[in-house]
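Engineer: Sequence first, then the predicted structure:
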Amino acid sequence: MEKEKKKRTVATINARSFSVNLDEVELPSGRIAERIRVIHPDAAALVPILGDGRIIFVKQYRYSIQEETLEIPAGKIDPGEDPEECIRREFEEETGYSVKNLEYLLKYVPAIGYSSEVLYIFKGTGLTSQKGVPISSDEISGIEILSYEEIHSCINDGIIKDGKTLVALYTLYSECFKK
């Protein structure tokens, strides 16, 4: 096990409460190494399934890759908020829909090599459009509602490439995750 020897914070971003540390660690051999660690809030994501089986996705510009992406709705968990509360709030803000039924699918660590973030993924059914609820236009440029066949094509064509979305869809459609 690696032991922290010295912590040096090289950057702090207060806007979304995450920091980047460059830590010195002692390896089991006694050798000293450096590790980058992003202290990041946990998040929740939702695979929102309409009554006809189609899934709601959000279109969002991602500055880090300089592209608009197609993803399942998700967001950071606020302090004191549980993952279910978070995803209900984020889903409505991002799509203008509410979700009646949530089913926990899994939790995973999207960037285990350097980030503390844990992502909780849910399946949602019993969706209702909340007429008049504005979509968060600073984040979301629109929504897309896709069938299973359209989702498959979007994955094969590289249109859907977001990690949490791919993990969630794989979990939802894979036989190895069926109970």
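Structural biologist: Cool, the structure landed.
Engineer: who are the neighbours in contact with the residue of the chain most remote from its centre?
Structural biologist: What lies farthest from the middle of the chain is Gly30; by C-alpha atoms, centre = their mean that is 36.6 Å. The contact partners of Gly30, by C-beta atoms under 8 Å, 6 or more residues apart in numbering, come to none. In short, each C-beta sits where N, CA and C put it, glycine included.
Engineer: From Lys3, how far out is it?
Structural biologist: Look at Gly30 and Lys3: by C-beta to C-beta, to the nearest Å, they are 10 Å apart.
Engineer: what do you get for Tyr120?
Structural biologist: Between Tyr120 and Lys3 the computed distance is 29 Å (C-beta to C-beta).
Engineer: Between those two, tell me which one has more neighbours.
Structural biologist: A count of neighbours by other C-beta atoms under 10 Å puts Tyr120 above the other of Tyr120 and Lys3, at 21 against 9.
Engineer: Distance check, the residue nearest to that one when sequence neighbours are not counted against Glu90.
Structural biologist: Computed as C-beta to C-beta, 6 or more residues apart in numbering, the closest residue to Tyr120 that is not its neighbour in sequence is Pro83, at 3.8 Å. In this structure, Pro83 and Glu90 are 10 Å apart, going by C-beta to C-beta.
Engineer: if I look at the two, which residues touch both of them?
Structural biologist: Ala44.
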